[in-house]
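Novice: sequence plus the predicted model coming up.
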Amino acid sequence: MKRIMLLGATGSIGQQTLEIIEQYPERFELFGISAKTNIETLLAIQMRHNCNVVVMDEKYRHHFDGKFYNLDELAKCVEALPKDVVIVNALVGSVGLEPTISALRGHRDVLLANKETLVVGGEIIHPLLKRSKGRIIPIDSEHSALRECLKGRSLNDFDKVIITASGGSFRDYSREQLEDVTVEEALKHPNWSMGQKITIDSATMMNKVFEVIEAHYLFNIPYENIEVLIHKESVVHGLIYYKDGNIMTHMGPSDMRIPILTALQDDQLLAYRSFFDLAKIGMLHFKRVDAKQYPLFDLGIAVAKKKGMHVVTLNAANEAAVDLFLRKKITYLTIEKIIYDCLNRFDNNVTLTLDSVIEHDREVKKYVYEEYLGGG
């Protein structure tokens, strides 16, 4: 029986994780849950599973019996968990970094769907992974695909990996058309049903920048050996070009439950029924990322290669800008403007520690909200 602490239980990945847990009650037990504001959904989960631990805003404490932690105590909560409890980190944003570090310091496995953990904290986590008995297991279609393709092979055996991208909601739009797009249009992803932030990041291709950074740290792959291709069908999730000429390709339906199940299960494979008809799909298309259509992609990769605090700036500026766009306070293209502005404004020569990362993230977001709230 695998006991699970689910961080971000009410979000898209959290809800799909719960489906898997409930499908296999003999294999998985929901030990604890966290959420930010969705009290109704969290109460319903608590009633179904009778969780031992709940993490939420302090004002909701009276709704729950048992062990309760405030939101700013996530890392403390993870540290206090029984040793056999694994962490599913489905949080959104840089808030996911600290509990991941806490879990690895406690030699726990982290099933990671929180991209920002490795984006802003990769330089901190990479050496920590070498000392920890805990592992990071990705819950992400692309990284799960690469992990499956790499099983039994050495990282020295391949020349490059390819991560695919759908191209997002505006993949067929011109730059001129992007000037007037709405939040509602941006959230209509052609292939996936995801959370709001990741859907916007998919449209700007920042999501793919983050996935390249994740792959770099998860698999110790140089940035020069990671390529991204636009693939509209979202059928091929990852490819590995081996030195002997073989290309290992991972294919499957656009269903996040599959990488979630892959991360949760051990050596014994669990059945999951999904319909995947290649004949019906018919044709697969691939093309390179157009720098004019997705200027943030090349910018993000350049920042990632330089490393340092600018990666934290990039993530924080994007997080705040996407939030403002979703709240209809800025236009879609202003997201780009805010990111360029912050990279020019904030210093890169800052020593990376957990405290400095958290403080810098806070400073960048404070600047964005003060400078752009209500603007466009």
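Specialist: Yes, it's here.

Novice: residue contacts, the nearest residue to Glu116 once chain neighbours are set aside?
Specialist: Distance criterion CB to CB, 6 or more residues apart in numbering; nearest residue to Glu116, sequence neighbours excluded, is Ser94 at 4.7 Å. Every residue, glycine included, has its C-beta placed from N, CA and C. Applying CB atoms under 8 Å, 6 or more residues apart in numbering, we find Ser94 in contact with Glu116, Val120, Val312, Asn315, Ala316, Glu319, Val357, Ile358, Asp361.

Novice: next: Met251.
Specialist: Contacts of Met251 (CB under 8 Å, 6+ apart): Val235, Val236, His237, Leu278.

Novice: of the contacts of Ser94, which belong to strands?
Specialist: Assignment to strands by DSSP state E places none of these there.

Novice: return the subset of these lying in helices.
Specialist: Glu116, Val120, Val312, Asn315, Ala316, Glu319, Val357, Ile358, Asp361 (DSSP state H).

Novice: so the second one makes contact with Glu98?
Specialist: No. With contact defined as CB atoms under 8 Å, Val120 does not count as touching Glu98 (10.7 Å).

Novice: run a quick neighbour tally on Asn89.
Specialist: Residues near Asn89, counting by other CB atoms under 10 Å, number 27.

Novice: again, but for Lys115
Specialist: Quick note: Lys115 (other CB under 10 Å) scores 26 neighbours.

Novice: likewise for Tyr367?
Specialist: 19.

Novice: so which helix or strand takes in it?
Specialist: helix 354-372 (DSSP states H and E).

Novice: which elements pack onto that helix?
Specialist: If you count contacts as 3 or more CB pairs under 8 Å, 6 or more residues apart in numbering; DSSP states H and E, helix 354-372 packs onto helix 97-105, helix 116-131, helix 310-326, helix 334-345.

Novice: in a markdown table, list those along with distance to Val228, mean pLDDT and mean neighbour count.
Specialist: Output for those, formatted as a markdown table (distance: least, CB to CB, whole Å; pLDDT from 0 to 100; neighbours: other CB atoms under 10 Å):
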| stretch | distance to Val228 | mean pLDDT | mean neighbour count |
| --- | --- | --- | --- |
| helix 97-105 | 24 | 96 | 23 |
| helix 116-131 | 15 | 92 | 19 |
| helix 310-326 | 16 | 96 | 25 |
| helix 334-345 | 18 | 97 | 18 |
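
Novice: kindly reformat the ones you listed as CSV containing distance to Asp140.
Specialist: Output for the helices and strands packed on helix 354-372, formatted as CSV (distance: least, CB to CB, whole Å):
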stretch, distance to Asp140
helix 97-105, 14
helix 116-131, 10
helix 310-326, 16
helix 334-345, 22
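
Novice: leaving out sequence neighbours, find the closest residue to the residue nearest in space to the middle of the chain.
Specialist: By CA atoms, centre = their mean, the chain has its centre lying nearest to Lys115, at 2.9 Å. Distance criterion CB to CB, 6+ apart; nearest residue to Lys115, sequence neighbours excluded, is Phe210 at 4.4 Å.

Novice: please report how far Leu270 lies from Ile4.
Specialist: From Leu270 across to Ile4, the span is 14 Å (CB to CB, to the nearest Å).

Novice: more neighbours: which of these two?
Specialist: Set Leu270 next to Ile4 and count neighbours by other CB under 10 Å: Ile4 wins out with 23 against 14.

Novice: for Lys67, see how far away that one is.
Specialist: 15 Å.

Novice: now do Ala271
Specialist: 34 Å.

Novice: so which of these two has more stuff around it?
Specialist: Between Ala271 and Lys67, counted using other CB under 10 Å, the more crowded position is Lys67 (14 against 7).

Novice: quick check, pLDDT for the more buried one.
Specialist: If you check Lys67, the pLDDT there is 95.

Novice: which one is it nearest to, not counting chain neighbours?
Specialist: Closest to Lys67 by CB to CB, 6+ apart is Val53, at 4.7 Å.

Novice: what does Ile247 give?
Specialist: In space, Ile247 comes closest to Tyr241 once its chain neighbours are excluded; the distance is 5.4 Å by CB to CB, 6+ apart.

Novice: check contacts around Glu40.
Specialist: Contacts for Glu40 (CB under 8 Å, 6+ apart) come out as none.

Novice: that one and Val364: what is the separation?
Specialist: The value you get for Glu40 to Val364, if CB to CB is used, is 33 Å.

Novice: and of the contacts of Ser94, the nearest to Tyr217?
Specialist: Set against Tyr217, the nearest of these by CB to CB is Val120 (11.1 Å).

Novice: what sits against that closest one?
Specialist: Taking CB under 8 Å, 6+ apart as the test, what Val120 contacts is Ser94, Leu97, Val311, Val312, Asn315, Ala316, Val357, Asp361.

Novice: my guess is the fifth one contacts Val357. True?
Specialist: No. Look at Asn315 against Val357 with CB under 8 Å: they stay out of range, at 9.7 Å.

Novice: circling back: in strands, which of the contacts of Met251 fall?
Specialist: Using DSSP E, those in strands are Val236, His237.

Novice: nearest to Ala304 among the contacts of Met251?
Specialist: Distances from Ala304 to the contacts of Met251, taken by CB to CB, are shortest for His237, at 20.7 Å.

Novice: I'd assumed Asp140 was in contact with that closest one.
Specialist: No. Using CB under 8 Å, His237 is not in contact with Asp140; the gap is 9.1 Å.

Novice: low pLDDT regions in this protein?
Specialist: 192-193, 374-376 (pLDDT under 70).

Novice: need the strands for it, in chain order.
Specialist: Assigned by DSSP E, the chain shows strands spanning 2-7, 28-34, 53-55, 67-69, 85-89, 110-112, 136-138, 158-165, 226-230, 236-242, 247-251, 287-288.
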